[in-house]
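Peer 1: only geometry, no sequence info:
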Ligand SMILES: [Zn+2]
Ligand SMILES: [Zn+2]
């Protein structure tokens, strides 16, 4: 095996440097993963342009790879051996707290970088912290005993498996948070990889009506939404979205609203609250903005609206997402539109943000290409 590991390192806002790190020693209870695919999402776009800290970071938090080396204890305790194709969650748990015991380690303090300066999370943790390999935009990733792994089912390619994170978020946000199920009516705002994944999950769960909104630049994505099962698509720039939703639902409004927009300001929440049914609808929000001027708290109270927060995914959501990918029930290759090599990581991130290669929905970074 090589002595050095090549990585793309974020060294400042929208700045990448290529660096080599020593190949780590793998203790008995750890493993090393050879990267296959790092999915790039809207969070990468944000963190690349506005890094939350000045420390160098190997980004890449949606990681698929093959176990290249596994310590004996790692295999014995965790059930993963050399040669296995795996999805590694970006959360690295403590394994001891209440959240971890509930299987909700996404809330564990050990991986909460906003709260804990020593937190470990793939794609976020400083590359200065030994053994350095804490991100997927690299040839190898280090797996300590408390990394959380899933087997990629047979027949699912690494590139398709690269969709597991948006799909797992789809399960978590629409089904577990939003309560979407049989006969639900759903408004999904934003036809990016996240909104399209939600579309597939809602359809699979039995939603009787799925409406997807976008803007005029989303024309191609809205077409994909239809192919993935959306019953109606709305261009919010050329149509009155609320009038259309009222028309489609016979004036009733929808049961659940999922906000999957980026940089759209207060509009998606305001539209979402108005588009919800008369009483007891649910809206799942992402809270991109720190504050919300003129927040319609009165209307939310009168309509008895439940607001839920989108916060990543649980273990079960990942397992269900992988099963969904393995089912091949939906033409998900319509979402995995582009592949980039490691040297093009800057272009890849900008493209996902709509500023590089046109018409990218989901970008797969292939670190060995
Ligand atoms: Zn992501
Ligand atoms: Zn914990």
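Peer 2: Alright, I've got the coordinates. Model, not experiment: these values are computed from the prediction. Ligands and ions are numbered 1, 2, ... in the order given.

Peer 1: next up, the contacts around residue 127.
Peer 2: Applying CB atoms under 8 Å, 6 or more residues apart in numbering, we find residue 127 in contact with 7, 9, 19, 21, 55, 56, 57, 58, 134, 135. For every residue, glycine as well, the C-beta is placed using N, CA and C.

Peer 1: how many other residues sit next to the closest residue in space to residue 100 that isn't next to it in sequence?
Peer 2: In this structure, residue 100 finds its nearest non-sequential neighbour in residue 93, 4.7 Å apart by CB to CB, 6 or more residues apart in numbering. The local packing of residue 93 (other CB atoms under 10 Å) involves 24 other residues.

Peer 1: pretty sure residue 93 contacts residue 111?
Peer 2: Yes. Using CB atoms under 8 Å, residue 93 is in contact with residue 111, at 6.4 Å.

Peer 1: what touches both of the two?
Peer 2: The contact lists of residue 93 and residue 111 share residue 105, where a contact means CB under 8 Å, 6+ apart.

Peer 1: OK, contacts around residue 116?
Peer 2: Applying CB under 8 Å, 6+ apart to residue 116 gives the contacts 109, 110.

Peer 1: circling back: could you report the distance from the residue nearest to residue 100 to residue 59?
Peer 2: 21 Å (CB to CB, to the nearest Å).

Peer 1: again, but for residue 127
Peer 2: For residue 127, the distance to residue 59 equals 10 Å [CB to CB].

Peer 1: quick one: contacts of stretch 165-177?
Peer 2: Residues from elsewhere that reach stretch 165-177 (CB under 8 Å, 6+ apart): 39, 41, 61-62, 180-181, 186, 193-194, 196-198, 200-202, 205, 256, 258, 282, 284, 308-310, 312-314, 316-318, 320-321, 324-325, 335, 362.

Peer 1: oh sorry, the question was meant for stretch 341-361
Peer 2: Stretch 341-361 is contacted by residues 6, 8, 14, 16, 18, 40-42, 44-45, 48-49, 59, 137-139, 192-193, 196, 217, 220-221, 224, 334-338, 340, 362-363, 365-369 when judged by CB under 8 Å, 6+ apart.

Peer 1: list the buried ones in it?
Peer 2: Going by neighbour count (16 or more other CB atoms under 10 Å), the buried part of stretch 341-361 is 342, 344-354, 356-357, 360-361.

Peer 1: so where do the helices sit in the stretch 101-250 of the chain?
Peer 2: Using DSSP state H, counting those that start in this stretch, the helices found in the stretch 101-250 of the chain span residues 158-161, 164-170, 193-205, 219-227, 241-248.

Peer 1: output the contacting helices and strands for the fourth one.
Peer 2: Which is helix 219-227. The elements that helix 219-227 packs onto, with contact taken as 3 or more CB pairs under 8 Å, 6 or more residues apart in numbering; DSSP states H and E, are helix 193-205, strand 209-214, strand 232-235.

Peer 1: picking that back up, please, a PyMOL command that selects the buried ones among the contacts of residue 127?
Peer 2: Selecting just the buried residues from these in PyMOL takes one command, with 16+ other CB under 10 Å as the test:
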select buried, resi 7+9+19+21+56+57+58+134+135
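
Peer 1: going by distance to residue 123, which of the contacts of residue 127 wins?
Peer 2: Proximity of the contacts of residue 127 to residue 123 (CB to CB) peaks at residue 135, which lies at 4.8 Å.

Peer 1: just the pLDDT for that closest one.
Peer 2: What the model reports as pLDDT for residue 135 is 98.

Peer 1: what parts of this structure come near ligand 1?
Peer 2: Residues of the chain found near ligand 1, taking CB under 5 Å from the ion as the criterion, are 41, 43.

Peer 1: so which residue of the chain comes closest to ligand 1?
Peer 2: For the chain, the residue closest to ligand 1 is residue 41, as judged by CB to the ion, at 3.3 Å.

Peer 1: any idea how far that residue lies from residue 365?
Peer 2: Plainly put, residue 41 is 11 Å away from residue 365 if you go by CB to CB.

Peer 1: which one of the two is surrounded by more residues?
Peer 2: The residue with more neighbours, out of residue 41 and residue 365 and counting by other CB under 10 Å, is residue 365; that gives 29 against 22.

Peer 1: OK, contacts around the residue nearest to the more buried one when sequence neighbours are not counted?
Peer 2: Distance criterion CB to CB, 6+ apart; nearest residue to residue 365, sequence neighbours excluded, is residue 38 at 4.3 Å. Counting by CB under 8 Å, 6+ apart, residue 38 touches 60, 61, 62, 63, 64, 135, 136, 137, 162, 364, 365, 367.
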